[in-house]
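**Q** Here is my input, please return the structure:
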Amino acid sequence: MSADAEAGVTLDTLLELQDLDLGLDRLRHRRDTLPERDKLATVERDLTQAERELADVRPQRDEAAREEHRLDDEATSLESKAAEVERKLYSGEITSPRELQALQADVDSLRRHRGSLEDRELEIMERREAFDATVNGLETRAGELRGEASALATALTEAEAVIDKEIDAERAARESLATRFSTEILDEYERRRARNRGVGAAR
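**A** Residues are numbered from 1 along each chain as shown. Have a look, this model is predicted:
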């Protein structure tokens, strides 16, 4: 074979190698820019935000629930005390008008205090219910986002597997073809590819 013919075969084969490399570049780019990847990143950001908000609201809801329970217990205790004093008031055990008047004053005071506590409890209950609604909404949202993220992760894995199979086939063809070149030619070709945005050979 003449030198010119040999050079022609080498160039044609290099161009074939170039086509395989460009094909690999396109496949890798396709893999990196799969739409599922961006969608998954967006959903994961939204999920992180929902979980952050939940972590902020839950303690406030729990604190309101504890305060509501405490006020309810205190109001119940005051009512028990008032009922006990009232029983004593009407039992007939005490006949002194002064003592009876003092007992009635105690009953009135205890029930006023209980009423004040119940008013505060109602305010706290309204706050707790608002927190409950917020927590429930965020938990629903987070659950939906987790489901969406799981579906997208599965779809992404499947899409990557399809492209990876194509990459493996292209890489095997490329490696087989590369054995036909000397190390010097391949090194020069790779240097040119690095300098020329992936193009290492041209007519």
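
**Q** how near is the residue most central in space within the chain to residue 153?
**A** Nearest residue to the geometric centre of the chain (C-alpha atoms, centre = their mean): residue 47, 2.5 Å. Distance, residue 47 to residue 153, using C-beta to C-beta, to the nearest Å: 12 Å. In this view, the C-beta of every residue, glycine as well, is placed from N, C-alpha and C.

**Q** helices or strands next to the lowest-mean-pLDDT helix or strand in the chain in the packing?
**A** Ranked by mean pLDDT, DSSP states H and E, the weakest helix or strand in the chain is helix 3-32, scoring a mean of 80. If you count contacts as 3 or more C-beta pairs under 8 Å, 6 or more residues apart in numbering; DSSP states H and E, helix 3-32 packs onto helix 97-178, helix 183-195.

**Q** Kindly recompute the last result at 6 Å.
**A** Using 3 or more C-beta pairs under 6 Å, 6 or more residues apart in numbering; DSSP states H and E, the elements in contact with helix 3-32 are helix 97-178.

**Q** relative to helix 183-195, how tilted is the helix it packs on?
**A** Angle of helix 97-178 versus helix 183-195, following axes from the mean of the first three to the mean of the last three C-alpha atoms, to 10 degrees, is 140 degrees.

**Q** Need the mean per-residue confidence for helix 97-178.
**A** For helix 97-178, mean pLDDT rounds to 96.

**Q** With stretch 196-203 instead?
**A** 68.

**Q** thinking again about what came up before, how far is the least confident helix or strand of the chain from where the chain is centred?
**A** How far helix 3-32 lies from its chain's middle: 44 Å, per C-alpha atoms, centre = their mean, to the nearest Å.

**Q** repeat for stretch 164-180
**A** Per C-alpha atoms, centre = their mean, the centroid offset for stretch 164-180 relative to its chain is 39 Å.
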